[in-house]
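Colleague: Let's see this in three dimensions:
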Amino acid sequence: MRQETIETDITVVGGGLSGVCAAIAAARLGSTVSLVQNRPVLGGNSSSEVRVWVSGASATGTHRYARETGIMGELFLENQYRNPEGNAYYWDLVMLEAVLAEPNIQLFLNTDVHEVEAEGEEEERIIRSVTGWMQGSERRILFKSGVYLDCTGDGLVGFLAGASFRIGREARDMYNEEWAPELADDITLGSTLLFYTKDVGHPVKYVPPFFAKDITKTTIPERRIIKSGDSGCHYWWIEWGGELDTVHENERIRDELWAVIYGIWDYIKNSGKFDADHLTLEWVGSIPGKREYRRLMGDYVLTQNDIKAQVPFEDRVTFGGWSIDLHPPQGMYAVESGSKHMYSDGIYHIPYRSLYSANVSNMLMAGRNISASHVAFGTTRVMATCATMGEAAGTAAALCARKGTTPRGIYESHMAELQQILLRQDASVIGLVNKDEQDLAKTAAIEASSELKMIAIEEAAEALPLDTDKAFLFPVSPSFSGLELLVSSLEATTIEVELWATGRGENYVPKHRIAQTAATVPQGDQQWITVSLSWQPDEACNAFVIVRKQPAVSLHLSHIPLAGVLSFERTDTPAEDPRLGDIQLVQPVAAWSMRRINRKPICFRVQGESDAYLAGRVIDGYNRPFAGPHMWVSERVKEGRHEWLQLNWSKPVDINELQLIWNDDVNEYLNNLHFIRTSFDIMPELAADYRIEALTDDKWQTVDEVSGNRRRMQRHHMQLTQINALRIVVERTNGCDRAELIEVRAYS
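Modeller: Now for the predicted structure:
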């Protein structure tokens, strides 16, 4: 047996998405990092060993403009390009390559940390080292760092270090949470095993093992959905163990889940109720995907009320948006729905104080072990949200190492700096503005080859009957004086149209009605009608326009999307079968859906010019949609003409780094596995080919060129001295007919 000691600035224990993103974030900021993972692959529940799809704030397309950016966003885009079929092994490679690309990270796979050396009184513990055993290599490795991150999911490092924690459900009166039980208990969400099936094109028999469960003697066939063609994440409801200790009873839980999976497969193959002759089992999981165990207590405990109110914490460092998604303790054997969901009206914010331990002074945490109540944990637990928490915690850890302080010290003395670093890294923070005094782009005058000033969706591609209420959203900046709609009608009639405000910059549902009117519609096909609505809000915002149901009338959809413009349908049918999910349609984001018409804007015209897409938006401080799109959008590209954006300085400047954020349409829902696939492998709005030119002594010179870009953020390192202007020239996009650039930063 070999004894080793590894010393780095930061040790991250746990190689799920939270640990991966934490390690990468810290390494990119110059810290040396040990990333310790007890499995042979990275990704935790998302890996090829477990195969749960990565969900996050967009909530499978429920919330608008909510897809994660930063490191998680990079992984999503890379997987979309490399792995459109959702191969679980290719997803493993996407994560592995992202880690191996960082020279500051030392990766230790198959290394199980089971010892923690910590000291100090109960209220002020400090970790001195953690020790892991590398399976198959007989290496006992002691990891020493100034800062530790517990990304284990189960909160093992914190537990061994003496961190305060909770398991189970708090009583309702502790935080006044509507969904909490009257009395506290130790019930958690259960664990799940998944399975994959395959059609082999010829008959395949199946002989069940003796331990297979006869599911006809359970409530499963009646209370859950079984289909012969489904596999993988369709069977997330194969869940059990919430009434047990999900760690210490892990083997028992796995055996019960196996018995049910092989029993379900027996039911599909041998009951005669399914067309399954040619199907075989391709893969069955062997590691239960845990949902919940310890929650480590921080200086703040996130609660259900924070989620519902979308509290804009002054120390917010990331966001979530998945519903508060709680499951019955009996799991797959329960007679009620497999889950119940509560949505906020938009994304919610997560405070930094929930990401570090209240009593272990040098430990942060990220993932499903953060400081949250059981009810709030029902939304923060999903993996893309865990990943963004990891990036925030890893960034904070690097700042701790740089400044020689503690995680709490960052909150007390360096919170604004942490947030500004996150914004510069394009992390998932909404509503904060770039205040970086070193950013020279903020001092430049901005001009462009063209700018979109009129909002008009005019190319009709399909009819949209007004069989239910429809709606569209667009940015209002500074005002508009009227609207026009493209309609067809079987008879002369009127339609009711209402103008609503969304209430918050991060929300995309109707909140306050501003005005309503009736519009006359003559009989006829594809005619533009005037709608007498106008608005001059106090500040830039989004308008939500509802066209009420009128069966004789059809609106029209275009197939050419425009950034900042969305279409909606009001639905009376839940997106999920009631046997699987209890989703109440009184929740606006559930009632107003755009799943069926995503990227298909309703045809309308706005009267009056808009400044929502002007060139200056690239330095307005926002790198995500918030009360508007916050990006430069050119007019439609004409053949033979390149669109460009230019920064002009009144005095010559030196530039050694230019940072660009291109539009990757964070409204588009992406997934890492088979659950969903886009019709394109690269986001069409991204610039594909572009060049950067510098003006020195009245001469333009190309200083960098990119071809085949598929990334949202690009950093260009160059040595430019005494230049008067920089120009970004878009030669080709990945399919969009406009150039779209969100942010430009420049540093000397």
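Colleague: wouldn't residue 393 be in contact with residue 353 here?
Modeller: No. Applying C-beta atoms under 8 Å as the test, residue 393 and residue 353 come out as separate, 11.8 Å apart. The C-beta positions use only the backbone N, C-alpha and C, and glycine is treated the same way.
Colleague: So these two - more neighbours on which side?
Modeller: residue 393 (34 against 20; other C-beta atoms under 10 Å).
Colleague: Shouldn't the more buried one be within a helix?
Modeller: Yes. The assignment for residue 393 by DSSP: H, G, I helix; E, B strand; the rest coil puts it in a helix.
Colleague: pLDDT score for it?
Modeller: With respect to pLDDT, residue 393 scores 98.
Colleague: Begin at 26 from now on, thanks
Modeller: Got it, the first residue is 26 from now on, which makes the last one we talked about residue 418.
Colleague: That one: what's it in contact with?
Modeller: Taking C-beta atoms under 8 Å, 6 or more residues apart in numbering as the contact definition, residue 418 lies against 43, 47, 174, 176, 380-381, 389-391.
Colleague: And the average pLDDT for the host helix or strand of residue 741 is what?
Modeller: Assigned by DSSP states H and E, residue 741 belongs to strand 738-758. The pLDDT scores in strand 738-758 average 97.
Colleague: Please export the C-alpha coordinates of that strand as CSV.
Modeller: Extracted C-alpha coordinates of strand 738-758, given in CSV (Å, rounded to 0.1, in the frame of the first residue of the first chain):
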residue,chain,number,x,y,z
MET,A,738,-18.2,33.0,-24.6
GLN,A,739,-14.9,33.5,-26.3
ARG,A,740,-11.8,35.1,-24.9
HIS,A,741,-9.2,36.6,-27.3
HIS,A,742,-5.8,37.2,-25.9
MET,A,743,-3.7,39.8,-27.8
GLN,A,744,-1.1,42.4,-27.3
LEU,A,745,-2.5,45.6,-28.8
THR,A,746,-1.0,49.0,-27.9
GLN,A,747,-2.3,52.5,-28.4
ILE,A,748,-5.3,51.5,-30.5
ASN,A,749,-8.2,53.9,-31.2
ALA,A,750,-10.9,51.3,-32.0
LEU,A,751,-11.8,47.6,-32.2
ARG,A,752,-14.2,46.1,-34.6
ILE,A,753,-15.9,42.7,-34.4
VAL,A,754,-17.0,41.6,-37.9
VAL,A,755,-19.5,38.8,-38.2
GLU,A,756,-18.9,36.9,-41.4
ARG,A,757,-21.3,34.0,-40.9
THR,A,758,-23.7,32.8,-38.2
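Colleague: so after that strand, what's the next helix or strand?
Modeller: Toward the C-terminus, strand 738-758 is succeeded by strand 765-772 as the next helix or strand (DSSP H and E).
Colleague: which SS class is residue 276?
Modeller: Once three-state DSSP is applied, residue 276 turns out helix.
Colleague: in the stretch 526-675 of the chain, which ranges drop under the pLDDT threshold?
Modeller: 600-601 (pLDDT under 70).
Colleague: Show me the helices in it, by range?
Modeller: Using DSSP state H, counting those that start in this stretch, the helices assigned to the stretch 526-675 of the chain run over residues 613-616.
Colleague: Now the strand holding residue 741: buried residues?
Modeller: 738-739, 741, 745, 748-756, 758 (16 or more other C-beta atoms under 10 Å).
Colleague: Can you add distance to residue 274 and give these back as JSON lines?
Modeller: Listed next are the buried residues of strand 738-758 as JSON lines, based on distance: C-beta to C-beta, whole Å:
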{"residue": "738", "distance to residue 274": "44"}
{"residue": "739", "distance to residue 274": "48"}
{"residue": "741", "distance to residue 274": "53"}
{"residue": "745", "distance to residue 274": "62"}
{"residue": "748", "distance to residue 274": "65"}
{"residue": "749", "distance to residue 274": "69"}
{"residue": "750", "distance to residue 274": "66"}
{"residue": "751", "distance to residue 274": "61"}
{"residue": "752", "distance to residue 274": "63"}
{"residue": "753", "distance to residue 274": "57"}
{"residue": "754", "distance to residue 274": "61"}
{"residue": "755", "distance to residue 274": "57"}
{"residue": "756", "distance to residue 274": "59"}
{"residue": "758", "distance to residue 274": "53"}
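Colleague: tell me which of those is nearest to residue 551?
Modeller: residue 758 (28.8 Å; C-beta to C-beta).
Colleague: Which stretches in the stretch 76-225 of the chain count as helices?
Modeller: Remark: helices assigned in the stretch 76-225 of the chain by DSSP H, counting those that start in this stretch are 95-107, 113-125, 181-186, 197-200.
Colleague: Alright, that wraps it up for me.
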